[in-house]
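Novice: Sequence and predicted structure are below.
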Amino acid sequence: MWSEKRGDVTAFQIAASATLEDWLIGVLDEVELHHGEYSQSPSYNALRVIGTGLSQRLRAELESYGFSRFEEAPDGFFAHKMST
């Protein structure tokens, strides 16, 4: 994605001992800290997740961060926050 210049991209390495769900939930605070409304303007409003599908657990966790629209993708999913 960086080489294709597809916008701002933040990547994390996966902790081999964690499940994909646990790993994703574990980085959400960091994403919010560095890309949320108190860190940049405009703040991020979408996530592109590659490597795991959208489970009920992930959906609930993402909703607690303000995400309200979700799109399945062959290799993961998109999550979108509502514009304010």
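Specialist: Alright, I've got the coordinates. Numbering: from 1, shown residues only.
Novice: Going by C-alpha atoms from here, please, whenever you check contacts or count neighbours.
Specialist: OK.
Novice: residue ranges with poor pLDDT in this protein?
Specialist: 1-10, 12, 14, 83-84 (pLDDT under 70).
Novice: Spit out the contact partners of the residue positioned nearest the centre of the chain.
Specialist: When C-alpha atoms, centre = their mean is applied to the chain, the residue found nearest the centroid is Leu47 (3.7 Å). Leu47 makes contacts with 78-80, as judged by C-alpha atoms under 8 Å, 6 or more residues apart in numbering.
Novice: how far out from the middle of the chain is the host helix or strand of it?
Specialist: Element membership for Leu47 (DSSP states H and E) is strand 46-50. Centroid separation for strand 46-50 versus its chain: 5 Å, with C-alpha atoms, centre = their mean, to the nearest Å.
Novice: One more: stretch 31-48?
Specialist: On the basis of C-alpha atoms, centre = their mean, stretch 31-48 is displaced by 10 Å from the centre of the chain it belongs to.
Novice: same deal with stretch 59-67?
Specialist: 10 Å.
Novice: do stretch 64-79 as well
Specialist: Averaging C-alpha positions (C-alpha atoms, centre = their mean) puts stretch 64-79 8 Å from its chain's average.
Novice: now stretch 30-50
Specialist: Distance, centroid of stretch 30-50 to centroid of chain: 8 Å (C-alpha atoms, centre = their mean).
Novice: Kindly report the same for stretch 77-84.
Specialist: Mean-position distance between stretch 77-84 and its chain equals 10 Å (C-alpha atoms, centre = their mean).
Novice: re the thing from before, hmm, who's touching the helix or strand just after the strand holding Leu47?
Specialist: Next helix or strand after strand 46-50 toward the C-terminus (DSSP H and E): helix 56-64. If you take C-alpha under 8 Å, 6+ apart as the criterion, helix 56-64 is touched by 21, 25, 68, 79.
Novice: residues near the last one, how many?
Specialist: Ala79 has 20 neighbours, counted by other C-alpha atoms under 10 Å.
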